[in-house]
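**Student:** for reference, the sequence and a predicted model appear below.
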Amino acid sequence: MRPIKLLYQSIIQIVRVKLTRVQYIMLIATLTGLVSGLVAVLLKTLVHYLKKWIEEMPGNHFSYLLFPTIGLVVTVFIIRRFFGEQIEKGIGMVLKAIAGKSSFIPLKHTYAHVITSSFTVGLGGSGGLEAPIVATGSAVGSNLARISDLNYQERTLLIACGAAAGIAAVFNAPIAGVIFAIELLLTETIVSYFIPLIISSVVGALCSKIILQESILFNFVLKQNFDYKNVPFYILLGIFAGFISLYYAKVFKATEHKIHGWKINAYLKTIIGGLLLMSFYFVLPPLFGEGYDSIKSVANGSFTSFTDNTMLLSGLGNNWGILAFTALIILAKPIATAITIGSGGNTGNFAPSLFTGSYLGFLFSKLVNLTPWIKIPTSNFSLVGMAGVLSGVMYCPLTAIFLIAEITNGYELFIPLMIVSSISFFIAKSYNHFSMEIKQLALEGQIFTDKKEKNILTSIKLDSMLQDTYETIAIDKQLKDLIEIIKRSEKNIFAVTDNKGRFAGIVELNDIKQKIFQPEEFGKLSVKSIMKKPSAILTIDQDMHTVMENFDTTQSWYLPVLDNERRFLGFISKTKLFTKYREILSSQGDIYEES
């Protein structure tokens with residue numbers, strides 16, 4: 001990789017001197033869109049042909065049930081053998097890198113997700129490729145920005161460009177790609193960000209349009225136009241979508257947490273997870289894989305019969321049997337996805353939420369159409385239901401609206417999409433401020449949220465604020481020893497340590513000012529007699545929010561920082577912290593402002 005990196009840097013350096021800063025960023029955004037788009041197309045193609053290979057295999061009708069277990073085992077083996085036991089996955093990994101790692105994403109993420117998710121999803125894991133593609137595209141953007149010598153703000157923008165290109169390539173939906181990056185990755189968006197985001201997204205979509213076959217692309221043709229008379233039913237669907245989204249999040253997290261809690265061998269856990277998936281797929285075959293073929297069947301109105309391997313639903317007749325079968329799929333999808341991820345698979349909840357929404361819209365419209373005096377279009381409600389659950393699960397209402405609008409090749413359903421997505425999002429947001437994907441990370445202060453001042457504090461690390469050297473003095477020393485330290489120091493606060501080297505207290509210059517002018521006391525007073533306890537003590541692993549709370553509570557200007565063994569590491573200054581805060585705030589400018 002090093003020769004390639006050096007060649008790239010040599011070329012880019014030649015180009016850089018001929019371009020303005022803005023033009024240079026646009027060029028890197030274009031490269032990011034191209035690479036991310038090609039990677040997304042590659043992953044989509046790999047999964048398509050793996051799925052096709054399974055479908056065309058000769059042999060027993062149920063032999064396909066074995067492949068999800070094989071896919072999970074292969075995925076876990078690759079991760080443990082080549083990527084150090086585990087890899088961070090999905091949107092959470094990207095957001096943590098932006099907030100806590102200066103938007104640096106390790107190089108391995110540019111290929112690890114492609115390899116592992118192709119086996120997980122391609123061999124039948126119940127999930128989607130969008131989260132791995134977002135992680136990969138973001139890693140591409142981060143690494144291109146790093147070797148192109150871009151700053152933190154620009155690296156963050158390139159991460160979003162990579163994610164936008166990936167989403168645009170998967171769905172051939174460039175607008176949805178841009179909106180996705182803004183809604184889920186960029187907590188603060190400057191108008192000038194839109195141009196590089198659009199460039200990357202369009203390039204990614206072109207990769208998909210030019211290379212992918214029409215059968216692989218996820219699109220629909222509307223069979224009925226929007227009828228304003230159906231607005232009350234769209235409102236009802238939005239309500240149902242909101243509560244189904246809450247159900248999805250609760251069941252998914254509970255199942256995933258349960259599987260993660262199994263204290264057993266990783267491969268045994270994977271095999272058990274695969275067997276559980278096998279049982280789910282036997283009862284409900286549409287849960288197998290991404291499920292986009294099933295979504296197309298539902299949304300195109302061709303879902304008129306179902307495979308009842310258990311023979312339990314056949315007795316209800318075809319119509320009621322389909323309704324019961326659909327309801328079971330809606331309830332089971334988050335469990336199957338949680339099993340796939342919890343067992344070690346690499347996938348995400350984007351496609352499963354679309355899948356659940358399509359079946360919800362289908363079920364809702366079928367139930368309404370049971371009445372003799374009302375008929376609503378099943379296809380349209382299936383499509384709008386997809387947006388509703390996606391909005392409520394992922395907390396991305398605008399992405400949901402534009403995605404479905406783009407894959408249906410028009411804006412005929414724009415009004416119902418807005419109604420259903422906004423209602424679903426409002427209901428989900430009312431119960432949980434953060435989506436299930438990022439809730440724990442947000443509560444732990446590991447990612448940026450919608451609060452700007454907290455985001456700035458999150459980006460400041462305590463250890464980076466301890467660069468100054470502070471003198472320490474042993475507790476059994478005398479004042480005369482401290483005077484010698486004061487003479488050669490520019491500081492006005494000193495740490496006192498005990499005979500085991502642990503922190504004991506502090507001495508402030510203001511407290512001993514009078515004693516400095518009494519030389520006769522130098523040999524009589526001990527450090528122990530003049531030291532005092534600090535108003536608060538910080539530990540190196542505390543986040544900056546806690547640090548600021550301590551400053552506010554104590555009204556101190558300096559607080560000591562200790563390690564976990566109570567050894568003194570240094571003082572943190574409120575003045576220095578405020579200076580850093582203003583520095584970060586002033587750096588968040590428009591990319592059109594030439595540096």
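**Tutor:** Nice, thanks for sending it over. Predicted model, so just to flag it, every value in this text is computed and none were measured.

**Student:** by mean pLDDT, point me to the weakest helix or strand of the chain.
**Tutor:** The helix or strand of the chain with the poorest confidence is helix 452-459; it has a mean of 62 (mean pLDDT, DSSP states H and E).

**Student:** which SSE is the residue nearest to Glu85 when sequence neighbours are not counted in?
**Tutor:** Of all residues not flanking Glu85 in the chain, Ile79 sits nearest, at 7.2 Å (C-beta to C-beta, 6 or more residues apart in numbering). For every residue, glycine as well, the C-beta is placed using N, CA and C. In this assignment (DSSP states H and E), Ile79 forms part of helix 67-82.

**Student:** mind checking the pLDDT average for that helix?
**Tutor:** What helix 67-82 shows for mean pLDDT is 93.

**Student:** next secondary structure after it?
**Tutor:** Taking DSSP H and E, what comes next after helix 67-82 is helix 90-100.

**Student:** remind me what that next one packs against, helices and strands.
**Tutor:** helix 130-147, helix 152-171, helix 439-443, helix 452-459 (3 or more C-beta pairs under 8 Å, 6 or more residues apart in numbering; DSSP states H and E).

**Student:** in the helix holding Ile79, what counts as buried?
**Tutor:** 67-69, 71-79 (16 or more other C-beta atoms under 10 Å).

**Student:** format those residues as a markdown table; extra columns: distance to Ala160.
**Tutor:** Shown next, in a markdown table, are the buried residues of helix 67-82 (distance: C-beta to C-beta, whole Å):
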| residue | distance to Ala160 |
| --- | --- |
| Phe67 | 35 |
| Pro68 | 33 |
| Thr69 | 36 |
| Gly71 | 30 |
| Leu72 | 31 |
| Val73 | 34 |
| Val74 | 31 |
| Thr75 | 27 |
| Val76 | 30 |
| Phe77 | 33 |
| Ile78 | 28 |
| Ile79 | 26 |
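
**Student:** residues contacting Tyr8?
**Tutor:** Ile147 (C-beta atoms under 8 Å, 6 or more residues apart in numbering).

**Student:** which helix runs longest in this structure?
**Tutor:** For the chain, the helix with the greatest residue count under DSSP state H is helix 21-55.

**Student:** all strands of the protein, in order?
**Tutor:** For the chain, the strands defined by DSSP state E occupy 472-474, 493-497, 503-508, 538-539, 558-562, 568-573.

**Student:** other residues contacting the second one?
**Tutor:** In this case it means strand 493-497. 470-475, 482, 485-486, 503-509, 527-528, 531, 558, 560, 568, 571.

**Student:** from Thr110, how far out is the closest residue to Ser103 other than its chain neighbours?
**Tutor:** Excluding its sequence neighbours, the residue lying closest to Ser103 (C-beta to C-beta, 6+ apart) is Arg155, at 3.9 Å. Distance, Arg155 to Thr110, by C-beta to C-beta, to the nearest Å: 14 Å.

**Student:** and what of Ala135?
**Tutor:** Distance, Ala135 to Thr110, using C-beta to C-beta: 9 Å.

**Student:** more neighbours, those two?
**Tutor:** Per other C-beta atoms under 10 Å, whichever of Ala135 and Thr110 has more neighbours is Ala135, with 31 against 23.

**Student:** residues in contact with the more buried one?
**Tutor:** Residues in contact with Ala135 (C-beta under 8 Å, 6+ apart) are 89-91, 93-94, 109, 113.

**Student:** can you check Gln446 too?
**Tutor:** Gln446 neighbours (C-beta under 8 Å, 6+ apart): 95-96, 99-100, 458.

**Student:** can you tell me the average pLDDT over stretch 557-573?
**Tutor:** On average, stretch 557-573 scores 84.

**Student:** now do that stretch: distance from first to last residue.
**Tutor:** 6 Å (C-alpha to C-alpha, to the nearest Å).

**Student:** next one: that stretch to chain centre, how far?
**Tutor:** Relative to its parent chain, stretch 557-573 has a centroid offset of 33 Å by C-alpha atoms, centre = their mean, to the nearest Å.

**Student:** any chance of JSON lines for the helices and strands packed on helix 90-100, columns distance to Leu390?
**Tutor:** JSON lines is the format used below for the helices and strands packed on helix 90-100 (distance: least, C-beta to C-beta, whole Å):
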{"stretch": "helix 130-147", "distance to Leu390": "10"}
{"stretch": "helix 152-171", "distance to Leu390": "12"}
{"stretch": "helix 439-443", "distance to Leu390": "17"}
{"stretch": "helix 452-459", "distance to Leu390": "25"}
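
**Student:** tell me which of the ones you listed lies nearest to Val283.
**Tutor:** helix 130-147 (25.9 Å; C-beta to C-beta).

**Student:** any weak-confidence spans in the chain?
**Tutor:** Applying pLDDT under 70 to the chain flags residues 1, 59-60, 189, 214-216, 448-459, 463, 467-468, 516-517, 520-524, 581-595.

**Student:** one step back: so which of the strands of the chain is nearest Ile259?
**Tutor:** Going by C-beta to C-beta, the one of the strands of the chain nearest Ile259 is strand 538-539, 32.8 Å.

**Student:** give me the sheet partners of the closest one and which way each runs.
**Tutor:** Using DSSP bridges, strand 538-539 pairs in its sheet with strand 558-562 (parallel).

**Student:** could I get the CA-only coordinates of stretch 186-193 as CSV?
**Tutor:** What follows is stretch 186-193 as a C-alpha-only set of coordinates in CSV (Å, rounded to 0.1, in the frame of the first residue of the first chain):
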residue,chain,number,x,y,z
LEU,A,186,-23.1,15.8,10.0
THR,A,187,-24.6,17.3,13.1
GLU,A,188,-23.8,20.8,11.7
THR,A,189,-24.1,21.6,8.0
ILE,A,190,-22.7,24.6,6.3
VAL,A,191,-24.2,25.6,2.9
SER,A,192,-20.9,25.1,1.1
TYR,A,193,-20.9,21.4,2.2
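
**Student:** and the closest residue to Ala405 other than its chain neighbours, how close does it get to Leu417?
**Tutor:** In space, and not counting its chain neighbours, Ala405 is closest to Tyr411: 5.1 Å by C-beta to C-beta, 6+ apart. Using C-beta to C-beta, Tyr411 is found at 9 Å from Leu417.
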